[in-house]
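>>> here is my input; please provide its structure:
(chains A and B)
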2 protein chains.
Amino acid sequence: MKEIKQITPIEKNFSKWYIDVVTNGKLIEYGTVKGTIIFKPNSYGIWENIQVNFNKILKQQNIRNIYLPMLIPANLISKEKNHVDGFAPELATITKVGNKQLSEEIYIRPTSEVLFAEFFKTEINSYNDLPLAYNQWANVLRWEKTTNPFLRNTEFLWQEGHTCHSTQEEAEEMTMNMINVYKIFLRDYLAIPVITGIKTELEKFSGAVSTFTVEAMMKDGKALQSGTSHFLGQNFSKIFNISYKSKENKSEFVYQTSWGISTRLIGAIIMTHGDNRGIIIPPKIAPIQIDIIQIMANKEPKVEELSTRIFDQLKGEYSIRVDKSNKTAGYKAAQSEIEGIPIRIEVGPRDVLTEEVAIIRRDTLEKVMVKINDLTNYISKLIDLIQSNLLQSAEIRLKKNIKVATTYNELKTYLEDNKFVLVPIINNNEYEKKIKEETTATARCIPLELDIPTEGMCIFSGEKTTRFVIYAKSY
Amino acid sequence: MKEIKQITPIEKNFSKWYIDVVTNGKLIEYGTVKGTIIFKPNSYGIWENIQVNFNKILKQQNIRNIYLPMLIPANLISKEKNHVDGFAPELATITKVGNKQLSEEIYIRPTSEVLFAEFFKTEINSYNDLPLAYNQWANVLRWEKTTNPFLRNTEFLWQEGHTCHSTQEEAEEMTMNMINVYKIFLRDYLAIPVITGIKTELEKFSGAVSTFTVEAMMKDGKALQSGTSHFLGQNFSKIFNISYKSKENKSEFVYQTSWGISTRLIGAIIMTHGDNRGIIIPPKIAPIQIDIIQIMANKEPKVEELSTRIFDQLKGEYSIRVDKSNKTAGYKAAQSEIEGIPIRIEVGPRDVLTEEVAIIRRDTLEKVMVKINDLTNYISKLIDLIQSNLLQSAEIRLKKNIKVATTYNELKTYLEDNKFVLVPIINNNEYEKKIKEETTATARCIPLELDIPTEGMCIFSGEKTTRFVIYAKSY
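Numbers count the residues shown, from 1 in each chain, chains lettered A, B, ... in the order given. Model (predicted):
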């Protein structure tokens, strides 16, 4: 029997805490190639639930799933200059098959804009074909220098949506629409509150006209970019010749968007909700929502009977695991907690007589005795309660840790204290580079919805400006 | 508006018919790298439905989904000699990233036995950890010389299951169990009847002790290997040191299995059920089950109203598309047929008065007028009827086209006539090679369940034998 390993306290060393949670929570093993991970059932199950629920939203939006090859011929990706410049250092390159050298190098997709562009060219003929909206669930490869499980991996899983529109307005609306979809999805399913905003020129996606982002605040105060939506304008359509005949029978280039969320979100869940006992998985996307733990079932046969009754009572509504192993109750409880299962039900010999069982919430660790007759009702409310409690705690933390700075010194002080800092600053790449160099923090976004002062004085130039930028250290 | 293209008659040129169905049925576009395809909504939707339904079966069998990286370091795959020999010529090799040469070449997975082996080594410690059963849905890369949409592609999608067991018996049972799961899944969901059997030594999976297969018969009489289940014995566990402490505290190597089905099944559906109007998708896995076609809705506003009423009446149970475009009824009908949608409901101006609509079955093309009040009931029965009719037709065809040969000449004659041929033949690789060379047909399997003569005379050596092999030309 494997021992449950100790987790470094979150207060002591956040990065070490994170790795301990990831590796001890049955979430991953490291792959054989540096920077890759194996998604074990406990993390892959979260991703599957994200897929199921996000697919429902895609369906409501009339966005259909397709699948494109992962191979990109070298000449294809080189067409859009900014795009290839952004990804070139990370591109894994296939140069041979078996013993045979290929005549042209082939890249593994780091993202699929150019593949979709080639595809759209054949799909779109007339205005009748627009708007066109596709999504794909896929693996992508980016050879990053520094890797971190879920947050930055050589290979990761994601969805990437790609749409074509006849007008700029419609494409911009779609870009905004999807960033809001992400915001709501993260809030409602992952219990993660975010700040939506526009990326600065230096931080936007290589190849985009503009990039919108949802930025989440981790428990150490660092920002995690958790989803992006890009307005591509006609950058790709003009180069790849994605054109259509308009109603007036004129040839026009389409306007495009692309947008994605990835398995990085699993890292976001850990660092938003986790505690010193491990990950806490929001009930709505938990692979296992309820863990039924039998205590001393070998001494009292009715324990098994009662736990089966409870399982049968709840199985229609929830995903449940029954731990029948002969490990100790303490071991089972610790295991359940480290795996982040939202609700634990303990069934022991005494409960058989009293018709009551102990219900333990993973988020607050509170324990309540509940009558079997009240169980269905109680669990239903508890699931909602845990989900909303996780969100609320994260919302309070986010709100509390956003500060407004009016001078560069204030900005630096807040950043050292791991805050999100809202600063008035005019649009100037030099200022942005200076901050990054001197503080390691980056411009996360120009927020869209925050309670922002209407006007301030640029912390560098002293000019009056309405441009407020969120700065933070980030993953 | 794109014109609906003509499909080559199936009787005239089967391969051309297949390509026409694939490309005109909105199933694929070709990818930019040779041998790759883009799965469009109509084919990817089939794959998604296969995933949803197969996942339910996996869950019943307590097999959990995980995800492993697609990268295999060169040294890893070389460990199992037969395995690497089988795949070496098809391996796509990453030799550099950006401008930097890698110190060790990395392959893209053609299958994941060695990756799972490395993983299992860390997962398994004691007999308590066994059996261990995982599945993954993934893309794999095999650089095939000749490619054919769905049937043989450079990149394809599949599920690969991998299990570890403490005894040979249990692993063999699992191997058999999964081949039967495939047989039942193909029958119940894809309406494809198969012959289950064991592969000969020459045809088995590189690295397996034995390979079980489900072989389906396409409409041209050729065989399509539609799923395989491998008993790996201790071939990988001994090389990769996947061992466990037994109850007696002895170190033992595990016994393994692996098994898979792939997007090749979409090709199987086309070539099992398709006709001169295109693909016919079995209702149980059809992305769109019902196509509601409005006729002259611009002239009679109540057509729209009635079609919405029908949509609302059925939407809870079925996946429905409503074609509101202003194309002609004939165009819409042809489009619906070429896309293989099982049921078409036509709603026109006259139907508004009679409260009756035309229901057209894709499989038989029969048209029946049905009262709106009877619709729910009628559709429910029709879905089952189409599903079972497709299966029955395929079963009859399969049965009719299996022949028993008692001489080599008979075998050759039947093979020229595109039959599945059951022949008594002793276990001798030379005989098998000779047949392949002279007829291009291959040993599909030694069938498990067919009505086989108890004994025959080997067609080459004349010896008495109980070994009957199915020969057929194949994809």
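
>>> tell me how far the residue of the stretch 251-400 of chain A found nearest chain B lies from residue A:130.
Nearest to chain B in the stretch 251-400 of chain A, going by CB to the nearest CB, is residue A:325, at a distance of 8.0 Å. C-beta: built from backbone N, CA, C; applies to glycine. Distance, residue A:325 to residue A:130, by CB to CB, to the nearest Å: 57 Å.

>>> before we move on, the earlier item: hang on, the residue of the stretch 251-400 of chain A closest to chain B packs against residue A:335?
No: counting by CB atoms under 8 Å, residue A:325 does not reach residue A:335; the two are 9.5 Å apart.

>>> who has more neighbours, those two?
residue A:335 (22 against 14; other CB atoms under 10 Å in any protein chain shown).

>>> that's a strand at that one, yeah?
No: counting by DSSP: H, G, I helix; E, B strand; the rest coil, residue A:335 is not found in a strand; it is helix.

>>> please enumerate the helices of chain A.
Taking DSSP state H, the helices of chain A run over residues A:14-24, A:41-60, A:74-77, A:81-87, A:113-123, A:168-190, A:235-240, A:264-273, A:301-314, A:329-338, A:349-354, A:375-400, A:408-416, A:429-439.

>>> just the CA trace of stretch A:467-475, in PDB.
Extracted in PDB, the C-alpha atoms of stretch A:467-475 (Å, rounded to 0.1, in the frame of the first residue of the first chain):
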ATOM      1  CA  ARG A 467      -6.000  54.100 -20.300                       C
ATOM      2  CA  PHE A 468      -5.700  51.900 -17.200                       C
ATOM      3  CA  VAL A 469      -3.700  48.600 -17.400                       C
ATOM      4  CA  ILE A 470      -3.700  45.700 -15.000                       C
ATOM      5  CA  TYR A 471      -0.200  44.700 -14.100                       C
ATOM      6  CA  ALA A 472       0.700  41.500 -12.300                       C
ATOM      7  CA  LYS A 473       3.300  38.800 -12.000                       C
ATOM      8  CA  SER A 474       2.000  35.800 -14.000                       C
ATOM      9  CA  TYR A 475       2.400  32.100 -14.900                       C
END
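
>>> residue A:166 against residue A:246, yeah?
Yes: counting by CB under 8 Å, residue A:246 is a contact partner of residue A:166 at 7.1 Å.

>>> those two - which one has more neighbours?
The neighbour comparison of residue A:166 against residue A:246 (other CB under 10 Å) goes to residue A:166, with 20 against 13.

>>> does the closest residue to residue A:238 other than its chain neighbours have beta-bridge partners, and which?
Distances taken as CB to CB, 6 or more residues apart in numbering or on different chains place residue A:253 nearest to residue A:238, at 5.3 Å, with adjacent residues excluded. On the basis of DSSP bridges, residue A:253 is bridged to residue A:243.

>>> neighbours of residue A:337, how many?
Neighbourhood size, residue A:337 [other CB under 10 Å]: 22.

>>> quick one on the thing from earlier: residue contacts, the residue of the stretch 251-400 of chain A closest to chain B?
Residue A:325 is in contact with A:332, B:128, counting by CB atoms under 8 Å, 6 or more residues apart in numbering or on different chains.

>>> mind running it again at 10 Å?
Residue A:325 makes contact with A:1, A:293, A:294, A:297, A:331, A:332, A:335, B:128, according to CB atoms under 10 Å, 6 or more residues apart in numbering or on different chains.

>>> contacting residues for the residue in the stretch 101-250 of chain A that chain B sits nearest to?
Of all residues in the stretch 101-250 of chain A, the one sitting closest to chain B is residue A:143 (4.3 Å; CB to the nearest CB). Contacts here follow CB under 10 Å, 6+ apart; on that basis residue A:143 touches A:33-35, A:87, A:89-93, A:108, A:110, A:154-155, B:94, B:96-98, B:100, B:102.

>>> coming back round to it: got any residues that touch both of residue A:166 and residue A:246?
By the contact definition CB under 10 Å, 6+ apart, residue A:166 and residue A:246 are jointly contacted by A:126, A:127, A:130, A:252.

>>> kindly give a single ChimeraX line that selects the buried subset of the contacts of residue A:325.
Those of the contacts of residue A:325 that count as buried under 16 or more other CB atoms under 10 Å in any protein chain shown are selected in ChimeraX with:
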select /A:293,294,297,331,332,335
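
>>> got TSV for the contacts of residue A:325, with distance to residue A:81 and pLDDT too?
Shown next, in TSV, are these (distance: CB to CB, whole Å; pLDDT from 0 to 100):
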residue	distance to residue A:81	pLDDT
A:1	57	44
A:293	58	95
A:294	63	93
A:297	66	85
A:331	58	93
A:332	57	93
A:335	52	94
B:128	57	93
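
>>> need the contacts of residue A:325 in TSV with distance to residue B:81, can you?
As requested, those are exported to TSV (distance: CB to CB, whole Å):
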residue	distance to residue B:81
A:1	36
A:293	47
A:294	47
A:297	48
A:331	42
A:332	44
A:335	40
B:128	32
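
>>> what's near enough to touch the nearest residue to residue A:218 once chain neighbours are set aside?
Of all residues not flanking residue A:218 in the chain, residue A:271 sits nearest, at 3.8 Å (CB to CB, 6+ apart). Contacts for residue A:271 (CB under 10 Å, 6+ apart) come out as A:10, A:14, A:17-18, A:21, A:150-151, A:192, A:216-220, A:222, A:224, A:279, A:475.

>>> likewise for residue A:409?
With CB under 10 Å, 6+ apart, residue A:409 has these contacts: residue A:459.
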